[in-house]
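S.K.: Structure, please.
(chains A, B and C)
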Amino acid sequence: MNGLFIFLQGISVWLMSIVGWVFDFITLHGFADWFRSPGVVFFLTNFLAALVVFIVGFLISITFIWEERKILGRLMDRRGTQVGVLGLFQNFADGLKAFIKEIIIPDEVDKWIYDAAPVILIGISCLLIGLIPLSPDFALANLNGGLLLIFAIFSIAPFAILIGGWASNNKYTIMGGMRAAAQLISYEVPLLLSLVGVVILAGSFNLMDIVQAQQQAGVWFIIPQFLGCLVFMVAAIAEVERIPFDLPEAEAELVEGWQTEYGGMRFGLIMLSEYVRGYAASMVAVILFLGGWDGPSFIWPEIWFIIKVFILFAVWIWVRGALMRVTTKQILGIGWKRLMPLALINLGIAIAIKMAGWL
Amino acid sequence: MRTEVGKVEQRQGLAAGGKSGETIAKSMLEKFPNGVKVTSTAANRVNATVDRGLLYKVAEFLKNEMDFEHVTSVSGVDWYPENRMQAVFHITSYANRVTAEIIVDLPRDSPEVDSVTPLWGGANWNERETYDMFGIIFKGHPRLERILTAPGSDYFPYRKDFAGGRRV
Amino acid sequence: MSEMWLNMGPQHPMTHGLWNLRVKIDGETITEAEPVVGYLHRGWEKLTETRTFPQIIPMADRLCYGASLSWSHCYCLTAEKLLDVEVPERAKYIRTIVLEAQRIGSHLMWLAALGTDLGSYTVFLYPMRERELFLDLMQDLCGARLTYNYPRIGGVRNDVPANFERDFTRVLNHFEKKIPDYEALCDESTVFHMRMDDVGKLTAEQAINLGVTGPNLRGSGVDYDIRRDDPYDAYSQIDFNVCVQKSCDAYARYRVRMDELYESVNIIRQAIKDMPKGPVRVKPPRNAVKGKSDWAHTEDPRGEAFMYIIGNGDDHPYRLKVRSPIFVTVSAAAWMLKGYKVADVPAIMGSVDMCLGETDR
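M.R.: Down below sits the predicted model:
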C-alpha cells in the first residue's frame, strides 16, 4: 500500500488545503487549522484508501458476474452477454434497470425489518471486501484474527435472510427463509472445520501470514490439505447459495423463495450481495489453498491473485452449468453426513503433518 | 446407457390365450339376457347397449370376470331432437386386448346413471367432465363437481340447446 | 407448522401451462394434493360441431400444441373410420415417419422442461438445440414448425420434398450421437438420481386402475403400447421394441422416454427404407352417415389419445369427443404426490410430461 498510500496522502493534503483556504477566507481560522491538521489528513487518507479498495473489489465482483454469464453461456452452447465491448457493459445496464424500476412494497410488511434485511446483507458483503488483502501492499486492514472475523461476518447472512423472509408477510417467503437459514447454518460447521487445518499448518489466523507460510513452505496448501480444499469448496458453494445448492431461491419451486417480495433496487442489492459473497469466498479459498498472491514476479502480485480467483470461480461456474439443484433434505444430509467426517479426517491429517514437522 | 427393452412378441389383435370380442359378447349375453343388446363385435371390439339400471352390474362383470382393467373414456351425447341423452363408456382390457363400447340411454329430463368410479379410478375426472358439460348425474361419484367451466356456473355447455355459434 | 393448503399456481414457472396444484402440507410433507384445471378450456368439442370435417384438422393441432401432429392424425384416423376411407400405403408410411419425428420433438421438449424444473439450464438448452433440427425438417415438409395441419382425411397433404431421405438421415445420424450427451448430464449425475429415484411411485395396479397410459404406464412395468397391440398406419410392418421399466418411480418414467428416443430413430429409419411409391391422398366422401359412430385411438407421446365421433348425415360431426391422456394422468397426481416433500413436486410432475392444451381442450 506504500506507493498508493503516499499518493492518497498527497491528495488528501491537497484537498484539506483547499478546504482550509476556504475557511481562512471566511476568517474562521480555527476551523482552517483543524482541517489542515495531520489527524484529519490521516483520517481522510484512510477514507480514500478504503474507497479505492472498495471500488476495486466492487468492480471485480461485477466482472465476476460478466465471467459467469459468458462462461455459463458457452457451456450451454450459446454466447453470453453481448452488450458493449465483449459484453462487459451488460451488468451496468442491468444495474441501471434495477435502479430505475418502480418500487412496490406490499401493504402488510413489517416496514423496518423489510428495509433492513437487504441493507444488512449488502453491508456485510461489502465489509468482506475490505478485510481481504490482494497483496502485501494492497490491504486495508491486516488483522491478526482476520480469518475468524471474515467467517463471523459470513455467518450474519442467515440472520438477514431469515428476517427478510419473515418480514415479507408471505407463506412462500417464510418457508424460503427458513430453508435458506437451515442450509447456511448447517454448512458453517464443515466450512470452519476445513479451514482449521490450514490454520494449524500456517500457525496464525492472519491472512498475510497464511500466504507467507505457503511461500516459505514452497507448496500451496491444496496439496497437503486436499480433503480440506474439497470440503471448503463444497461448503462455500452452499454458503453463497449457488447451484447445486440454490434451493432457497429456486424459481421452479417457490418463485424466488425469500426474495419474492423484494423488487427494484432492493432485489438488485440482494443479487449483488450474492455475487460479492461469492467473490469473497473465492478470494479466501485462493488465499487458504492456492497460495494467494504467490507467483512469479514478472506480474504484480495483485494481478496474479485476481487471475487465480477468476480461474477458481470459473470452476464454480462449471459446476453450476453441469449439475442440478439438490433438495433440502439432501442438502442437510450432505452437509452433516458427508462433509463433516471428511473435515474431521482432514483435521487429523493437518495435525499429523504439523507434528511430524514436514511443514 | 441403453437399458434392455422387451422384444416385440405379438403383433395385432388378440393376446395369446385371451378372450376375443365374440367370446366376451357371448358371456355378457348369457349373464344378462335382458337389458344388454350387443350391436356388433369383432376380434378386438365389443359394442353393446345397456339399460341404465344394469350398468353397474355389467361394469362389475366386465372388471372382475372379463379382465377389463382400464376405462378409456366416459362421454355424453345429447340427442336433442329425440329427447334423450347417452352416456358412452369405452373400457379396455389389457389382458385380452379388447375394447368394449357400452352405451346407456338416458331420458333427457332426468339424466342419471350409476358411476363406475368405485370400480375404475380412471373414470373419476371423465365423469366429472361429462357432468360439467351435459348435466348427466353419476350416482355414487365421490365428488361430482364442475371441473372445466367456472365454479358456480348454471349451464351445461355441450347440450344442443346451449348456443353454439354459427356454422362455418 | 400445522397443515396448510399451498397453491402452486396458476402463475408458476413450474407448471408448463396454466393449472393450479393445491397441496396440503404438513411442514414439508404433502398429505393431499388436488389439481385444479380448466383455465384453458376453449369448448373445443362444441366448436367442432360447427365445422366441416376437414376444417377440424387445424383445430386438432391446437389441442396439444407440443405434439400437434399426433392429435390431428388421431382425428384423421377417426374421421377415416367414420367415412370409410382407405388410406394409401405411401401415406401410411409418411404418417408413421412424421409421427415418430413428432414424438422425438415432444420428448425433447419434455426433457428441456424437466431440466428447468430441476434447476439445470444446460439440460434445457441441449435438447432444444436438437429439436430445432427436427422442426426444420418439418418445415421443409409442410411449411410449419409447431402446428402442422399436415394429415388429411384420406392421407397426407403433400408428398415429401426432394432430399427428404438425405435430410432425415443426416439429422438422425447427428441426433443419435447427441442422446448420450443428455444421458451423461442426467443419468450419470448423482444429483439427478437423488432427485428422481424413489419419488412419485405409482404401482402398476394403481396406474392401470387410475387410467394412466403411455410412458407413465410403461414406467410402472406394464407392457402395453398401442403401436404394437392395436396398430394403425404402418406400425404393423415395422420391427420395434416397447420400452418398459420396472421401478415405478419418476426415474423410470424418464428412462422410458429416453429409450423411446432411440426407438423412434430406429422406426424412422425402417420406414424411410420401406416406403412404397404411390399416391399420398385419396378424396374422402363429403357427408357421413347419420347416426353412425366410430372411434380411434393412437399412442400419443403422452399416452393414449382417443377420439369418438358421431356423424350427422351431412358434413359436420354431430359429436366429437376427445379423451386426453394427461387429463386422466393429472387426476392420478394425487396418488403420486402423497407422502413426498414439496421440493419433490417439480421432479414428479416433470416426469409426467403435462401439456395443458389437451387437458382443458
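S.K.: mind listing what's buried in stretch C:263-273?
M.R.: For stretch C:263-273, burial by neighbour count (16 or more other CB atoms under 10 Å in any protein chain shown) applies to C:263-272. Heads up, the C-betas are built off the backbone N, CA and C, glycines and all.
S.K.: How about stretch C:184-197?
M.R.: Neighbour counts over stretch C:184-197 (16+ other CB under 10 Å) mark C:185-187, C:189, C:191-192, C:194-196 as buried.
S.K.: Including distance to C:Gly219, pLDDT and secondary structure, could the buried residues of stretch C:263-273 go into TSV?
M.R.: Below are those laid out as TSV (distance: CB to CB, whole Å; pLDDT from 0 to 100; DSSP: H, G, I helix; E, B strand; the rest coil):
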residue	distance to C:Gly219	pLDDT	secondary structure
C:Glu263	15	91	helix
C:Ser264	17	92	helix
C:Val265	20	92	helix
C:Asn266	20	91	helix
C:Ile267	20	91	helix
C:Ile268	23	92	helix
C:Arg269	25	92	helix
C:Gln270	25	91	helix
C:Ala271	26	91	helix
C:Ile272	29	91	helix
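S.K.: could those residues be laid out in TSV, adding distance to chain B?
M.R.: Formatted as TSV, those follow (distance: CB to the nearest CB, whole Å):
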residue	distance to chain B
C:Glu263	8
C:Ser264	13
C:Val265	12
C:Asn266	11
C:Ile267	12
C:Ile268	17
C:Arg269	16
C:Gln270	12
C:Ala271	15
C:Ile272	20
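S.K.: picking up where we left off before, pick the one among the buried residues of stretch C:184-197 closest to chain B.
M.R.: Ranked by distance to chain B (CB to the nearest CB), the buried residues of stretch C:184-197 are led by C:Asp187 at 5.8 Å.
S.K.: got a list of what C:Leu133 touches?
M.R.: C:171, C:174-175 (CB atoms under 8 Å, 6 or more residues apart in numbering or on different chains).
S.K.: can you tell me which of these are in helices?
M.R.: When DSSP state H is applied, those are split such that C:171, C:174-175 fall in helices.
S.K.: Check those residues for burial and list the buried ones.
M.R.: Neighbour counting over the ones in helices among the contacts of C:Leu133 (16+ other CB under 10 Å) leaves C:171, C:175 as the buried ones.
S.K.: pretty sure B:Thr117 contacts B:Leu144?
M.R.: No. With contacts counted by CB atoms under 8 Å, B:Thr117 stays clear of B:Leu144, the gap being 9.3 Å.
S.K.: so what's in contact with the two at the same time?
M.R.: Both B:Thr117 and B:Leu144 are contacted by B:127, B:138, under the criterion CB under 8 Å, 6+ apart.
S.K.: what's the closest non-adjacent residue to the closest residue to chain C within the stretch 1-150 of chain A?
M.R.: Minimum separation of the stretch 1-150 of chain A from chain C (CB to the nearest CB) falls at A:Met76, amounting to 4.4 Å. Spatially, and ignoring its direct neighbours in sequence, A:Met76 is nearest to C:Leu125 (4.4 Å; CB to CB, 6 or more residues apart in numbering or on different chains).
S.K.: Give me the neighbour count for residue 5.
M.R.: With no chain named, the answer covers chain A. By other CB atoms under 10 Å in any protein chain shown, 15 other residues sit near A:Phe5.
S.K.: Oops, wrong one, chain C.
M.R.: A count of nearby residues for C:Trp5, using other CB under 10 Å, gives 11.
S.K.: and what of A:Leu59?
M.R.: By other CB under 10 Å, the residues close to A:Leu59 number 10.
S.K.: Show the secondary-structure elements that the helix or strand containing it is packed against.
M.R.: Assigned by DSSP states H and E, A:Leu59 belongs to helix A:38-75. Packed against helix A:38-75 by the contact rule (3 or more CB pairs under 8 Å, 6 or more residues apart in numbering or on different chains; DSSP states H and E) you find helix A:2-25, helix A:90-99, helix A:111-131, helix A:264-289, helix A:301-322.
S.K.: Buried residues in that helix, which are they?
M.R.: For helix A:38-75, the neighbour count (16+ other CB under 10 Å) marks A:40-41, A:44-46, A:48-49, A:52-53, A:57, A:60-73, A:75 as buried.
S.K.: next one: stretch C:324-339
M.R.: Using 16+ other CB under 10 Å as the test for burial, stretch C:324-339 gives C:324-337.
S.K.: quick one: contacts for B:Ala150?
M.R.: Going by CB under 8 Å, 6+ apart, B:Ala150 touches C:Gly38.
S.K.: May I have the phi/psi pair for it?
M.R.: Main-chain torsions, B:Ala150, degrees, to the nearest 10: phi -70, psi 140.
S.K.: Look up how far C:His41 lies from it.
M.R.: Per CB to CB, to the nearest Å, B:Ala150 is found 9 Å from C:His41.
S.K.: mind giving me TSV with the contacts of C:Leu133 and columns for distance to chain B and pLDDT?
M.R.: Formatted as TSV, the contacts of C:Leu133 follow (distance: CB to the nearest CB, whole Å; pLDDT from 0 to 100):
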residue	distance to chain B	pLDDT
C:Val171	20	93
C:His174	18	93
C:Phe175	15	93
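S.K.: for those residues, which one is nearest C:Val160?
M.R.: Set against C:Val160, the nearest of the contacts of C:Leu133 by CB to CB is C:Val171 (13.9 Å).
S.K.: where does chain B dip in pLDDT?
M.R.: Scanning chain B for pLDDT under 70 picks out B:1-17.
S.K.: Grab the most central residue of it for me.
M.R.: The centroid of chain B falls nearest to B:Phe89 when counting by CA atoms, centre = their mean (0.9 Å).
S.K.: Any idea how many residues pack against the nearest residue to C:Glu260 once chain neighbours are set aside?
M.R.: Leaving aside its sequence neighbours, C:Glu260 sits nearest to C:Cys243 (CB to CB, 6+ apart; 5.3 Å). Number of residues near C:Cys243 (other CB under 10 Å) recorded here: 24.
S.K.: wait, isn't C:Cys243 in contact with C:Arg218?
M.R.: Yes. The criterion here is CB under 8 Å, and C:Cys243 meets it with C:Arg218 at 6.2 Å.
S.K.: okay, and the common contacts of the two?
M.R.: Counting by CB under 8 Å, 6+ apart, the residues touching both C:Cys243 and C:Arg218 are C:Val256.
S.K.: circling back: any chance of CSV for the contacts of C:Leu133, columns distance to chain A?
M.R.: Below are the contacts of C:Leu133 laid out as CSV (distance: CB to the nearest CB, whole Å):
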residue, distance to chain A
C:Val171, 17
C:His174, 14
C:Phe175, 15
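S.K.: what residue ranges in the stretch 51-200 of chain A are flagged as low confidence?
M.R.: For the stretch 51-200 of chain A (pLDDT under 70), the answer is none.
S.K.: Write out the residues of it neighbouring chain C.
M.R.: Contacts of the stretch 51-200 of chain A with chain C, taken as CB under 8 Å from any CB of the partner chain, map to A:72, A:75-78, A:171.
S.K.: Taking those together, which two end up most distant?
M.R.: A:Asp77 and A:Lys171 (38.0 Å).
S.K.: Of these two, which one has the most company?
M.R.: Ranked by neighbour count (other CB under 10 Å), A:Asp77 and A:Lys171 place A:Lys171 first, with 16 against 11.
S.K.: and the closest residue to the more buried one other than its chain neighbours, what is it in contact with?
M.R.: Take A:Lys171 and drop its neighbours on the chain: the residue closest to it by CB to CB, 6+ apart is C:Leu6, 6.8 Å away. Going by CB under 8 Å, 6+ apart, C:Leu6 touches A:171, C:22-25, C:342.
S.K.: And the contacts of stretch C:143-158?
M.R.: Stretch C:143-158 is contacted from outside by C:53-54, C:57-58, C:61-62, C:65, C:68-69, C:72-73, C:76, C:79-80, C:83, C:85, C:87-88, C:91, C:94-95, C:98, C:135, C:138-139, C:141-142, C:279-284, using CB under 8 Å, 6+ apart.
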